[in-house]
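S.K.: dropping the sequence and predicted coords here.
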Amino acid sequence: MTFNVLFTVSRRPVAAGSLMLALSCMSAANAGNTFSGALPAGHADHSLPSPPREKSDLTLRDAALLALQRNPELAAFARETRALQGVTQQAGLLPNPDLVIMAENAGNVQKANNNPALVSAREVEQQETTIRLHQVIELGGKRAARVRAASLGEEVAGQDYEARRVGLIAQVANLFTEVLAGQERLRLAEGNVQLAQKVVNSVSKRVQAGKVPPIEETKVGVALSTTRIELEQARRDLAAARKRLALLWGNSSPQFNQVLGDLKSLVALPSFEVLAERVLTSPMALRAMKNIEQRKALLEVEHTRRVPNLTVIAGVLNHIHTGGTTVVAGISMPLQLFDRNQGNLREAHQRVDKAMDEQAATDLQLKTELAQTYEALSAAQNEIGILRIEVLPAARSAFDVTNRGYELGKFGFLEVLDAQRTLFQNEVLYVRALANYQRLVNEIERLIAAPIEGVSDGALSPPLTSEISANTDSRSGL
């Protein structure tokens, strides 16, 4: 994502947002947009750098690496992909043969003319032992159809994993921006307390000089207490945001000192048509298309089941009394008189149609979310421009003039408090607008699964690992 925050590499500030979704799509890009395989929990992903130490200043890149390697939900998706590899393996195995051993007339004792000497001979003569092997020969391409369906199921799970990984990176970026904005709001609250203290000092001097009544000192003390309450609220909000960020990599007690970034960095927004085209190649859209392929493969599996299997029988029949052995051979095949897999075929056809409807719904949902976010981002950009160019300079100027005028006796105390409050509120509003802008950029980059800077004329530069350092250096002047 090219959007927002800066991180330090070789002691130079660079835009880090574009690196984050590149990391999330790294495996897919290196494998030609195919899932390269996720690792289960407890195994490191060697395609990513080693996670940083938490007890230091944290960049967006550091936070993303920690989440990618330690997030339990992402590890669960990796487990699912490993499980489906077993399903594919099982689908390609041949059916096992059946071994049948039969002893006919076992224990059948018949006495002849009450002559005990003939009992044993008469008994043994009636016993026969048969050993047979039954091997099912699958016809109609059943095994190949099963393997293809299972393999496509694996690819669907791979797209689920990639979509979750992109979503996790966007979630990290949002919470990182929230912490960054919290740090800025805390800085503003501390500055507001200092300003309030200066006003208190100024009022105290004027009260001591007898220029204003003592009641103004009481009022300004109340205003100072209010700014301290706002400072404490800013601290609590920052602490909560830090904890939410650290929980993404399973740490309920944040160890990092602060996050490093610049909320003021903006991006060049491409046209909506270019982004709308790019959103249809995101993991969410690809997952819907891959699901159609899998459903068609399952339909083919049901078609193959209409062809009956052939069972080959081979064995020997042993006559115990005479000592003779007879070879037994045969074949069997079910007659498709009643069950021709009609119900399963009908279900599979409907599942294919359902998958097509789901793909259309997914594309519509992605475009709708993109349109809403795109318009909100444009509005946020305009709001930031107005606040930065018009509102904040005017508010600062009004406070400075009012404060100096109060010291000279030209303005009343209420005008000073109102100017101070207006300046603080607009500074906080500016920080919120910047944070909202970065959140909207994160959302667009989540939808297109790529950095906005990489989208140009409908083409996306591949987020390869080898390009990260080059892109970092090229943006070092931001």
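M.R.: Nice, I can see it.
S.K.: packing partners for the helix ranked longest in the chain?
M.R.: Scanning the chain for the helix with the most residues, using DSSP state H, yields helix 142-208. Packed against helix 142-208 by the contact rule (3 or more CB pairs under 8 Å, 6 or more residues apart in numbering; DSSP states H and E) you find helix 17-24, helix 60-70, helix 72-91, helix 215-247, helix 283-304, helix 392-407, helix 413-448. (Glycine included, C-beta is placed from N, CA and C.)
S.K.: for these, give me a markdown table that also has distance to residue 379, mean pLDDT and mean neighbour count.
M.R.: As requested, these are exported to a markdown table (distance: least, CB to CB, whole Å; pLDDT from 0 to 100; neighbours: other CB atoms under 10 Å):
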| stretch | distance to residue 379 | mean pLDDT | mean neighbour count |
| --- | --- | --- | --- |
| helix 17-24 | 20 | 46 | 27 |
| helix 60-70 | 25 | 90 | 24 |
| helix 72-91 | 32 | 91 | 15 |
| helix 215-247 | 24 | 90 | 16 |
| helix 283-304 | 25 | 95 | 21 |
| helix 392-407 | 18 | 87 | 16 |
| helix 413-448 | 9 | 91 | 21 |
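S.K.: and of those helices, who's closest to residue 190?
M.R.: With CB to CB, the closest approach to residue 190 among the helices and strands packed on helix 142-208 belongs to helix 215-247: 6.2 Å.
S.K.: how does this structure divide into domains?
M.R.: Annotated domains of the chain cover 6-95+143-302+345-474, 98-137+307-340 [automatic domain parsing].
S.K.: tell me the mean pLDDT for the last one?
M.R.: If I follow you right, that is domain 98-137+307-340. If you average the pLDDT over domain 98-137+307-340, you get 77.
S.K.: excluding covalently adjacent residues, which one is nearest to residue 177?
M.R.: residue 438 (4.4 Å; CB to CB, 6 or more residues apart in numbering).
S.K.: assess the claim that the one you found and residue 175 are in contact.
M.R.: No: Residue 438 lies out of contact with residue 175 (CB atoms under 8 Å); the separation is 11.3 Å.
S.K.: okay, the helices and strands packed on helix 142-208 in TSV with distance to residue 356 next?
M.R.: Shown next, in TSV, are the helices and strands packed on helix 142-208 (distance: least, CB to CB, whole Å):
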stretch	distance to residue 356
helix 17-24	28
helix 60-70	33
helix 72-91	23
helix 215-247	39
helix 283-304	6
helix 392-407	52
helix 413-448	22
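S.K.: please identify which of these is closest to residue 148.
M.R.: Closest among the helices and strands packed on helix 142-208, using CB to CB: helix 283-304, at 4.9 Å.
S.K.: which residues are in contact with the helix or strand just after that closest one?
M.R.: Using DSSP states H and E, the next helix or strand after helix 283-304 towards the C-terminus is strand 310-319. Taking contacts as CB atoms under 8 Å, 6 or more residues apart in numbering, the residues outside strand 310-319 that touch it are 100, 128-137, 139, 324-333.
S.K.: could you find the closest non-adjacent residue to the residue positioned nearest the centre of the chain?
M.R.: Among the residues of the chain, the one closest to the centroid is residue 164, at 1.9 Å (CA atoms, centre = their mean). Distance criterion CB to CB, 6+ apart; nearest residue to residue 164, sequence neighbours excluded, is residue 77 at 5.1 Å.
S.K.: mind listing what the one you found touches?
M.R.: So residue 77 contacts 38, 157, 160, 161, 164, 165 (CB under 8 Å, 6+ apart).
S.K.: try it again with 10 Å
M.R.: 38, 40, 71, 157, 158, 160, 161, 162, 163, 164, 165, 168 (CB atoms under 10 Å, 6 or more residues apart in numbering).
S.K.: which two from the residues you listed end up farthest apart in space?
M.R.: 40 and 163 (18.2 Å).
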